[in-house]
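*Asks:* Following is a predicted model, sequence given first.
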Amino acid sequence: MKIHFDKVENAVGFTVSNTKEGETTEVLTKAVITSDEPQFYQYIAQISTSFLNKNDICVDTVYQFLVIIHQDLSADIYVNDFQVVSEIVVKKDITKGDIVRESDIADIKSLKFPEIEIIDTDKIIYCFKVGWKFGLFFDLDRRQPLALNDLYQQIGALYRYLRFQYVYDLIEAKPHFEEILKDGWFPFIALLGNEYRILIEIYQDKYDFSNRLSNFVNSFDKTRLEKIINKWWNKQIFQEKQQILEAGVKAYLIGTDQGIINCIKNLYSEIDGVIREQYFKNTGKGQYVKTNDLLQYVLNKGLQKSGADISLFFPTQFFEYLRDIVFSNFDLGKRKFDLSRHSVCHGIASATAYTKMKALQAILILDQIYFYI
């Protein structure tokens, strides 16, 4: 549905406080808002009155609409059935026409409207539904030209947030996130989708915790792991280490205590090796480089690949996870030697620290690094 207005009001934004005549006030001209925020309902009611109600559109039937206000104050409104294309990073090889599931998405870069012309003098309002929530974006200040690439990226970021809000909510709820991190779990790209939801539920509801967590780990069988690692060989650094990495994964699949120990001994050193060798390929340095420099390199690569710190790559959080968990130091005097790259490679970690959960996490860490570099 497309509706054209010959003339609309020259809206520039929404006031953020009560103000008397003649006084100065602030106006919100651009915003990214979700239906979790109270102001969403205030703004959307006024937008509906101005653009939807006048055309007898039943708002109960609307799941998305786009308002484009032109420089001459004419406007076009698109409701529901218009094409929206999201630019995503995928976790696996896909062919044209394949269905894309949430579990196939590694990141969402932008959201575009390929059949609708938008120019840099236009004002924009876009509202859309994801699940049982809405997102609202508006940019009503045209003292500066509309930056179209920024527009698409900002709308894409809002869509990404709503689509994967369960991850963002966990990170914002620091105690829960820190508890999961302490056990070695991260919102790994490989897990995003239903698997990470299950993991969150296990930690939020501790009923039968050990058995449920064990069942979760055991669900990563040969078929599931092959879906993760088969793509690794597309990158030179992983291809060069294929024989070593496959040996570690095969040891994991044996499932015995010895297999798990061999898996961790193998893969924890290769986490360091993959980063170090790729760092050397890119910089020419590596022999005496400090661990923190290697981790900073991973952070920078993650930011470059994702384009934003709030992307599903979570580069800053992954840097902290590598620094504080994976590459944490041991202290023999205090008998502190949690399983990490250092405690494993220096032979300090106790036998009880070599668990199937930690072995699986080693595979997932390498997979995360694959997406970064």
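*Replies:* Okay, I see it.
*Asks:* Do a quick rundown of the strands in this protein.
*Replies:* Using DSSP state E, the strands of the chain run over 2-5, 14-15, 27-28, 30-34, 64-69, 75-79, 85-90, 105-112, 123-130, 133-139.
*Asks:* Make CSV from these and add mean pLDDT, mean neighbour count and distance to K290 to it.
*Replies:* Placement of C-beta: from N, CA and C, glycine included. Listed next are these as CSV, based on pLDDT from 0 to 100; neighbours: other CB atoms under 10 Å; distance: least, CB to CB, whole Å:
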stretch, mean pLDDT, mean neighbour count, distance to K290
strand 2-5, 92, 13, 59
strand 14-15, 89, 14, 50
strand 27-28, 92, 14, 45
strand 30-34, 96, 16, 38
strand 64-69, 97, 21, 49
strand 75-79, 96, 20, 54
strand 85-90, 94, 15, 30
strand 105-112, 95, 20, 29
strand 123-130, 97, 21, 43
strand 133-139, 97, 21, 42
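*Asks:* What are the buried residues along the longest helix along the chain?
*Replies:* The helix that spans the most residues within the chain, counting by DSSP state H, is helix 257-283. Neighbour-count burial for helix 257-283 flags 259-279 (criterion: 16 or more other CB atoms under 10 Å).
*Asks:* Check stretch 318-329 too.
*Replies:* 318-319, 321-323, 325-328.
*Asks:* any idea of the mean pLDDT in the longest helix of the chain?
*Replies:* In this model, helix 257-283 has an average pLDDT of 95.
*Asks:* tell me what that helix is packed against?
*Replies:* Counting contacts by 3 or more CB pairs under 8 Å, 6 or more residues apart in numbering; DSSP states H and E, helix 257-283 is packed against helix 236-240, helix 242-254, helix 291-306, helix 341-345, helix 356-372.
*Asks:* picking that back up, which of the buried residues of stretch 318-329 fall within helices?
*Replies:* Per DSSP H, those map to helices at 318-319, 321.
*Asks:* Same list (these) but as TSV, adding distance to S210 and pLDDT.
*Replies:* TSV is the format used below for those (distance: CB to CB, whole Å; pLDDT from 0 to 100):
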residue	distance to S210	pLDDT
F318	27	96
F319	30	96
Y321	23	96
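*Asks:* Just put those in CSV and tack on distance to I189.
*Replies:* Supplementary listing: those in CSV, determined by distance: CB to CB, whole Å:
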residue, distance to I189
F318, 10
F319, 15
Y321, 13
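*Asks:* Just give the number of residues close to A353.
*Replies:* Residues lying near A353 (other CB atoms under 10 Å) number 16.
*Asks:* if I pick the residue lying closest to it once chain neighbours are set aside, what's in contact with it?
*Replies:* Spatially, and ignoring its direct neighbours in sequence, A353 is nearest to L339 (4.0 Å; CB to CB, 6 or more residues apart in numbering). Residues in contact with L339, defined by CB atoms under 8 Å, 6 or more residues apart in numbering, are 184, 264, 349, 353-355, 358.
*Asks:* Need the phi and psi values for L339.
*Replies:* phi -70, psi 120 (degrees, to the nearest 10).
*Asks:* how near is it to A359?
*Replies:* 10 Å (CB to CB, to the nearest Å).
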